[in-house]
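any chance you could fold what I've pasted below:
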Amino acid sequence: MWRLLTLKQIGILLLIYLFIEIFSFIIVCRWLGILTTISLLVISTLLGAYILRHISRQSRGRMMTTLQTQKLMQLLSGFLLLMPGFVSDILGLLLLVPPVQRLMLSLLLPKFLTKKASVKPAGCTIEGQYWREDDKNSNKK
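Numbers count the residues shown, from 1 in each chain. Below is the predicted model:
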């Protein structure tokens, strides 16, 4: 289902995204006016910076655990709000809503989780050869 994208596909997706952001900016600008539109972008950028700073202060010196995946969604939300554009702002605001966070985690988390390695039963012997580096160096002398 999931596959890696080629560089060309990533470039095309980036261009489509930029076109949508510019188009949404023009629509909002015509609807609200230039001053209000720029004010909204500045406010969303400040909100994104605040969220990123708040989350980083909360998790300073702590390891991220699986129970803190909502914090990861909040970090992504802050990053999206920090980016200029209304599409990224809408996505960032949606990621602040807990039901949307749970939905995104249920869709994305299984893709990144790996199966645990199987453990061999006690008493299992693995045969092989080995040598010590000291012995190898002393034979050359």
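
how many residues are close by Leu107?
9 (other C-beta atoms under 10 Å). The way it works is simple: take the backbone N, C-alpha and C, and place the C-beta from them, glycine included.

buried residues, the helix or strand harbouring it. List them.
Using DSSP states H and E, Leu107 falls within helix 98-112. Buried residues in helix 98-112, counting neighbours by 16 or more other C-beta atoms under 10 Å, are found at 101, 104.

hmm, who's touching it?
Applying C-beta atoms under 8 Å, 6 or more residues apart in numbering, the contact partners of helix 98-112 are 2, 69-70, 73-74, 94-95.

center of this structure - which residue?
Leu76 (5.8 Å; C-alpha atoms, centre = their mean).

next helix or strand past the helix or strand containing it?
Applying DSSP H and E as the criterion places Leu76 in helix 69-82. As assigned by DSSP H and E, the chain's next helix or strand after helix 69-82 is helix 86-94.

what's the mean pLDDT across the helix holding Leu107?
Helix 98-112 carries an average pLDDT of 80.

do stretch 29-40 as well
94.

most neighbours, which of the contacts of helix 98-112?
For the contacts of helix 98-112, neighbours tallied by other C-beta under 10 Å; top is Leu95, 22 neighbours.
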